[in-house]
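Visitor: turn this into a structure:
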Amino acid sequence: VPRPGPRRAERQGQRRRLDTPLPQGLGGSGARSPFDRQLKRKQKNWAALQPEPAKYDYLREEVGGRVADRVFDITRTFPLALDVGCGSGYIAQYLNKETVEKLFQVDMAENALKNTMETEIPTVSVVADEEFLPFKEDTFDLVVSSLRFVLIISLKFNIHQVLKPDGVFIGAMFGGETLYELRCSLQLAELEREGGFSPHVSPFTDVTDLGHLLGRAGFNTLTVDTDEIQVNYPGMFEIMEDLKGMGESNCSWNRKPILHRETMLAAAAIYQEMYGSNDGSVPATFEIYYMIGWKFQESQARPAQRGSATVSFGDLAKINALISRKK
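Guide: Model (predicted):
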């Protein structure tokens, strides 16, 4: 997928701001968050203030469209929906009034909300920390989220709570193999130049843990699938420039503050040697996990109890043979 050109639209709708400071350190779970949320807020605000912020939106727009497709697969209308970590409205731009009647958009970066795209749905924008959603329990019929770094923490202590019974959560997040080319190149370069390496890319969740996390958060009727998006760049430095423009620089607490010039040049050479294409470009792989989970309600369909089946899988061959003879 080549890097597309810039795309920008003016936003229409209502805006509201919560002026309470963003809390630090502890998430809603009472456990220390692995991410520096204040730093992430600064990164997002800085990215939104750049002269052409929309030219870095290509990945989020693509994934936002795929999340919206999953919303359309559910044949119902949602009176009230919430977009957690909306950015400039990467999901909302694809939705319509026949599917969502009203949408709340939440983001920790106030500058990102100023760049939200035009949508036909009535919207309300709220500046708030995604880990501390300022809404009552059982408020929304639908919650969506795309590529937010605090998504796993928010699942249990925010998203599940604000959903109504029989409400659905549809989200996407970066998977464990995201940017493996960049991570490998940086690690090899640091080992060769500095005798050791530190993480320079924020950690990602493994797909084997995702279903378990959704279940522990209280969701049922779970669906998890994975996808890969590969983007071609002129070189490693262009990848890092775009990540910075997306506001996706490393924000983990154990990040290394300095990456030496010699190490960077060595990493770029390793990247080109190991992964470079014949035309001189280098690929960057983004693994995306898509998830769907429902909040429990008594009227929902439930799996039958173990042992209640009246037909064995071993009898299927006999049944198929009997049907074939009747034909």
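Visitor: secondary structure of residue 117: a strand, I assume?
Guide: No: under DSSP: H, G, I helix; E, B strand; the rest coil, residue 117 sits outside any strand and is assigned coil.
Visitor: surely it and residue 94 touch.
Guide: No: counting by CB atoms under 8 Å, residue 117 stays clear of residue 94, with 9.8 Å between them. Any C-beta I mention is one placed from the backbone N, CA and C, and that applies to glycine too.
Visitor: more neighbours, those two?
Guide: residue 117 (22 against 19; other CB atoms under 10 Å).
Visitor: separation between the more buried one and residue 61?
Guide: Distance, residue 117 to residue 61, using CB to CB, to the nearest Å: 9 Å.
Visitor: OK, contacts around the closest residue to residue 246 other than its chain neighbours?
Guide: Excluding the flanking residues, the one nearest residue 246 by CB to CB, 6 or more residues apart in numbering is residue 56, at 4.8 Å. By CB atoms under 8 Å, 6 or more residues apart in numbering, the contact list for residue 56 reads 47, 50, 242, 245, 246.
Visitor: state the distance from residue 56 to residue 50.
Guide: For residue 56 relative to residue 50 (CB to CB), the value is 8 Å.
Visitor: overlap in contacts of the two?
Guide: Going by CB under 8 Å, 6+ apart, residues that sit against residue 56 and also against residue 50 are residue 245.
Visitor: for residue 235, give me phi and psi.
Guide: Dihedral pair for residue 235: phi -170, psi 180, per degrees, to the nearest 10.
Visitor: how many residues are close by it?
Guide: 16.
Visitor: same thing with residue 212?
Guide: 10.
Visitor: in the helix or strand where it lies, which residues are buried?
Guide: Taking DSSP states H and E as the definition, residue 212 sits inside helix 207-216. For helix 207-216, a neighbour-count test (16 or more other CB atoms under 10 Å) marks 207, 210, 213, 214 as buried.
Visitor: OK, contacts around the first one?
Guide: So the one you mean is residue 207. 175, 176, 224, 226, 289.
Visitor: how about these, which pair is most distant?
Guide: Farthest pair in those (CB to CB) is 176 and 224. Separation: 13.0 Å.
Visitor: can you report phi and psi for residue 114?
Guide: According to degrees, to the nearest 10, residue 114 has phi -70, psi -20.
Visitor: per-residue confidence for it?
Guide: On the pLDDT scale, residue 114 is placed at 85.
Visitor: neighbours of it, how many?
Guide: 15.
Visitor: what of residue 189?
Guide: 24.
Visitor: wait, it sits on residue 266?
Guide: Yes: using CB under 8 Å, residue 189 makes contact with residue 266 at a distance of 4.0 Å.
Visitor: over to the closest residue to residue 244 other than its chain neighbours: give its phi and psi.
Guide: Spatial nearest neighbour of residue 244, excluding adjacent residues (CB to CB, 6+ apart): residue 47 at 7.2 Å. Phi and psi for residue 47, reported as degrees, to the nearest 10, are phi -60, psi -40.
Visitor: could you pull up the residues touching residue 47?
Guide: For residue 47, counting by CB under 8 Å, 6+ apart, the contacting residues are 53, 56, 112, 244, 245, 246, 247.
Visitor: so which of these belong to helices?
Guide: Per DSSP state H, helices hold the following members of those: 112, 244, 245, 246.
Visitor: is it true that the third one touches residue 57?
Guide: No: Residue 245 is beyond contact range of residue 57, at 9.1 Å (criterion: CB under 8 Å).
Visitor: of the two, which one has the most company?
Guide: Taking other CB under 10 Å, residue 245 and residue 57 do not tie; residue 57 has more neighbours (24 against 18).
Visitor: just to revisit the earlier point, list buried residues within the contacts of residue 47.
Guide: Of the contacts of residue 47, these count as buried by 16+ other CB under 10 Å: 53, 56, 112, 245, 246, 247.
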